[in-house]
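Visitor: coords please:
(one chain, ligands or ions: 2)
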Amino acid sequence: MNAATLPIISMDSLDSAEGLAKLRHAASDVGFFYLVDHGISYDSQQDYLRLSREFFQLTSQQKQRVDMIRSPHFRGYNGMGSEMTAGRLDAREQFDWMNEEQAIPEVKLTQPWQKLIGPNLWPSAMPQLKPALTSLQQRLSGITVNLLQKLCMSLGVDANALDHTIGEQPYTHAKLIRYPGQESPQQGVGAHKDPGYLTLVMQDTQSGLKVERDGDWVDVAPIPGAFVVNIGELLELASNGFLKATNHKVESPKQGVERYSIAFFMAAQLSATVPVLPLPDELRARASGPSTDPNNPLLTDVGNNVLKGRLRSHTHVTRRHYCQQTARTLLANSFAQMPITDICNECTI
Ligand SMILES: O=C(O)CCC(=O)C(=O)O
Ligand SMILES: [Fe+2]
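Guide: Ligands and ions are numbered 1, 2, ... in the order given. So this is what the prediction gives:
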């Protein structure tokens, strides 16, 4: 399968039964598709990608002022070599931001995931970044909420069936990403599934994103102006496995070439528990249950499912901010079914 055969879904087509059927097929068969007519123009996307390039061109000192190690809320900049996926180092640098929030004082935390809540880190050297990325986040959030409702309709359930898990606004997390060229083949980001409901990816012209399909890795080549959409673990859970959170990865570009992308992850509120949707009989019969990988348990408690990914990806942040006694005890309670060494190999609980 190549780009031409990955489904292309027009947002404008989703008012018709035919369009919804195509969406259902894309989300349940491949778990990945291109989205067009989504309302963010090609030129506007280029503006965001230009800002991203500008950010990564800041001096390393300027970037380190917003280094994620400073943030117990997993926000800010990660240089090369500060992310692990599938137990190996990724070759990418990135800047993460989420909903702008106030942190909960440590003594008031009752759940470990509550520590994800907090302010973003914005670089003072680029004052234009905060308003631009905050506005992008709102635009993408609107698109994903709309798409989630269309997905519910495509499954024959009420368009608003998951709205209560989102409340006023979904939990959102976004990343500016730069994959530098490498001399030999490297993992830009290793094989993984995304933890939330839905992911949107804006790619520049350089390919490298690959999706697993029948044991093969298929290229998701960039189509100018289109977003790549993939189904996250929470939708796999909500649909009892009818929709697929598909493994994907990025291979580093060759020496002398770099790849830029912006990824946007939308999930339910961290305090929510994801329900199993009442699928019509015909679809229920085809839902084989969510995948069961002992190395990656899918958790219906949204906060824990999101935190699981963060703790594993950025172990330097985990060690700095999550290994005090309180956090360790909370972690041990919440992640009883996961080997704790997988989260932090310095913990002895
Ligand atoms: O950079 C990309 O194209 C995808 C990145 C990705 O899969 C992720 O960050 O979860
Ligand atoms: Fe991903």
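
Visitor: from now on I want contacts and neighbour counts done on CA atoms only, so please keep to that.
Guide: Fine.

Visitor: what sits against D96?
Guide: F74, R75, G76, Y77, H173, A174, K175, L176 (Cα atoms under 8 Å, 6 or more residues apart in numbering).

Visitor: number of residues surrounding the fifth one?
Guide: Put plainly, it is H173. 19 (other Cα atoms under 10 Å).

Visitor: and the closest residue to it other than its chain neighbours, what does it touch?
Guide: On the basis of Cα to Cα, 6 or more residues apart in numbering, the spatially nearest residue to H173 that is not a chain neighbour turns out to be M98, at 4.3 Å. For M98, the residues meeting the contact criterion (Cα under 8 Å, 6+ apart) are R75, N120, Y171, T172, H173, A174.

Visitor: next: L49.
Guide: For L49, the contacting residues are D204, Y260, S261, I262, by Cα under 8 Å, 6+ apart.

Visitor: would you agree the last one is in contact with V201?
Guide: Yes - at 5.7 Å, I262 counts as touching V201 under the criterion of Cα atoms under 8 Å.

Visitor: after the longest helix along the chain, which helix or strand is next?
Guide: Looking only at the chain and at elements set by DSSP state H, the helix with the highest residue count is helix 129-154. Proceeding C-terminally, helix 129-154 gives way to helix 163-166 as the next helix or strand, assigned by DSSP states H and E.

Visitor: return the set of buried residues in stretch 106-125.
Guide: When neighbours are counted by 16 or more other Cα atoms under 10 Å, the buried residues of stretch 106-125 are found to be P112, W113, Q114, K115, L116, I117, G118, P119, N120, L121, W122, P123.

Visitor: now render those as JSON lines, adding distance to Q102 and secondary structure.
Guide: JSON lines is the format used below for these (distance: Cα to Cα, whole Å; DSSP: H, G, I helix; E, B strand; the rest coil):
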{"residue": "P112", "distance to Q102": "16", "secondary structure": "helix"}
{"residue": "W113", "distance to Q102": "14", "secondary structure": "helix"}
{"residue": "Q114", "distance to Q102": "11", "secondary structure": "helix"}
{"residue": "K115", "distance to Q102": "10", "secondary structure": "helix"}
{"residue": "L116", "distance to Q102": "10", "secondary structure": "helix"}
{"residue": "I117", "distance to Q102": "7", "secondary structure": "coil"}
{"residue": "G118", "distance to Q102": "5", "secondary structure": "coil"}
{"residue": "P119", "distance to Q102": "6", "secondary structure": "coil"}
{"residue": "N120", "distance to Q102": "9", "secondary structure": "coil"}
{"residue": "L121", "distance to Q102": "12", "secondary structure": "coil"}
{"residue": "W122", "distance to Q102": "15", "secondary structure": "coil"}
{"residue": "P123", "distance to Q102": "18", "secondary structure": "coil"}
